[in-house]
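S.K.: Build me a structure from this.
(one chain, ligands or ions: 2)
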Amino acid sequence: MLPVVALVGRPNVGKSTLFNRLTRSRDALVADFPGLTRDRHYGEGRVGEKPFIVVDTGGFEPIKTEGIVKEMTNQAQLAVEESDIIFFLVDGRSGLIPQDQRIAQSLRESGKPTYLVVNKAEGMSEVVKSEFYELALGEPYPISAAHGEGVRALVDMALEKYPTEKEIEKDGDFAHKIRVAIAGRPNAGKSTLINALIGEERLIAFDMPGTTRDAIEVEFQYKDKDYILIDTAGLRRKGKVFEAIEKFSVIKTLQAIEKSNVVVLLLDAKAGISEQDANIAGYILESGRALVIAINKWDDIGEYERTRVREEFEHKIHFLKWAKSLYISALYKRGLGNLLTAVNEAHAAAFVKLSTPKLTRALIEATTRQLPPRARGGRPKMRYAHQGGMNPPVIVIHGNALQDVPESYKRYLEGFFREKFNLKGTPLRIELRTNK
Ligand code: GDP
Ligand code: GDP
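M.R.: Ligands and ions are numbered 1, 2, ... in the order given. Now for the predicted structure:
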């Protein structure tokens, strides 16, 4: 599982500034999709060579408890419990205050590996650290979240014992087994779907790690293909079936998404799309994983309502139109074959191999059909393209004056490549590189 880093500290110490620096949020990307709310508490770490998940515990709605002033909200405490590493932020400019002491106390009690981070330390000497030794949390690490100083070193040190992306991929059966995560809010039908998929004779093997900290993974085969289902629901095996035991956890959902190649976003036809669904869609989008949307409990929608309900869903998930959406019934095992076919397609698209000549020909066709708009420095000139990654496929375009290419033109190219190479079910990333 990817390690989880929680940012803890009193208000105004710089947690959200550090969060933004660590996740380099793809706000621009998400802003393109009306209806998609971005949950600013959780994100993918993008500093250093090791993948991780970041949680900003600030700004969680405080839960009022009678008479007691809580230093950390219940949600923040829960996040600390679910994390592997704590970055405890203090403010190097305002110095140590009693509130820091109280938070330090509860962090010491949590027993989690905690790094004492002295923020806003830009331009200050090492002396800034001295008063914080008193917190008895070991060596203080001065950083500047706003300027990025010391951040990379802190991350590298904290993640020392965790694997790099390459190491994870090597032992993850990434190439031949399709890793599927089923994500959705409570009651969408995740455990019912998992039981339906692995039910009966198709079930090949169970692989159940002993600790509750790890997600359950179940292998199964369908029509000669191998799949690994990654649970997000906090499932437990009870006799022959799985049932959900834990309440919804964003962290577990994120970890499962990261461990998968293809995510099945399970929606409830009866209940419509909630904010929680939109948040989960946002996490998937940010992860770059392939996606299939399954609208469950279709059996529960009367025949006369179906057209209306279908139109409503299609309207609301329009921003995910590159993904296939299907109407299924996990309970009556309807549509499961189509679901797995869509998963296969999405997986194949996510791992497509596109040669440089093929990509360059497509690029020339796209730019001839519609020229990139002229900008200050003249018209951008795109020369050739190569593939820079998989799951999601990354198309790297080389040329001149590409820094002026607008987002809208990048999206045009994305759509063009998607259609040209029939990439249903996977996001596609376009990177522009201006040659010197
Ligand atoms: P949070 O409440 O802990 O999430 O704190 P914010 O990230 O909102 O930051 C609070 C204030 O501190 C903002 O005005 C930030 O611009 C400022 N701040 C954050 N990091 C730094 C830093 O490294 N140096 C300085 N000088 N200011 C910072
Ligand atoms: P989870 O919390 O996402 O794991 O959801 P469950 O699998 O526990 O399902 C929640 C409820 O929805 C249960 O009562 C299921 O029987 C019901 N349910 C699941 N799938 C379907 C379906 O396809 N049709 C109908 N009518 N009910 C379903």
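
S.K.: Go through stretch 408-424 and flag the buried ones.
M.R.: Neighbour-count burial for stretch 408-424, with 16 or more other CB atoms under 10 Å as criterion, is recorded at 409, 410, 412, 413, 414, 416, 417, 418, 420, 421, 423, 424. C-betas here are computed from N, CA, C, even on glycine.

S.K.: So for the residue lying farthest from the centre of the chain, what's the pLDDT?
M.R.: Here the centre of the chain is the reference, and by CA atoms, centre = their mean the most remote residue is residue 127, at 38.4 Å. Predicted confidence (pLDDT) for residue 127: 81.

S.K.: picking that back up, would you point out the most distant pair within the buried residues of stretch 408-424?
M.R.: 409 and 424 (22.5 Å; CB to CB).

S.K.: Please enumerate the helices of the stretch 301-436 of the chain.
M.R.: Using DSSP state H, counting those that start in this stretch, the helices of the stretch 301-436 of the chain run over 306-316, 336-350, 356-369, 407-420.

S.K.: now for the longest one, which elements pack on it?
M.R.: Right, helix 336-350. Using 3 or more CB pairs under 8 Å, 6 or more residues apart in numbering; DSSP states H and E as the contact definition, the elements that helix 336-350 packs against are strand 178-183, helix 190-198, strand 225-230, strand 262-268, strand 290-296, strand 324-327.

S.K.: Dump those to JSON lines, plus mean pLDDT.
M.R.: As requested, those are exported to JSON lines (pLDDT from 0 to 100):
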{"stretch": "strand 178-183", "mean pLDDT": "93"}
{"stretch": "helix 190-198", "mean pLDDT": "85"}
{"stretch": "strand 225-230", "mean pLDDT": "87"}
{"stretch": "strand 262-268", "mean pLDDT": "96"}
{"stretch": "strand 290-296", "mean pLDDT": "97"}
{"stretch": "strand 324-327", "mean pLDDT": "96"}
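
S.K.: Could you say which one of the ones you listed comes nearest to ligand 1?
M.R.: Distances from ligand 1 to each of the helices and strands packed on helix 336-350 were compared using CB to the nearest ligand atom; the shortest belongs to strand 178-183, at 27.3 Å.

S.K.: With only the CA atoms kept, save the closest one in CSV.
M.R.: What follows is the C-alpha trace of strand 178-183 in CSV, where atoms were taken according to Å, rounded to 0.1, in the frame of the first residue of the first chain:
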residue,chain,number,x,y,z
ILE,A,178,-5.6,-6.7,-14.7
ARG,A,179,-5.8,-5.0,-11.3
VAL,A,180,-9.3,-3.7,-10.7
ALA,A,181,-10.4,-1.5,-7.9
ILE,A,182,-14.1,-1.1,-7.2
ALA,A,183,-14.7,2.4,-5.8
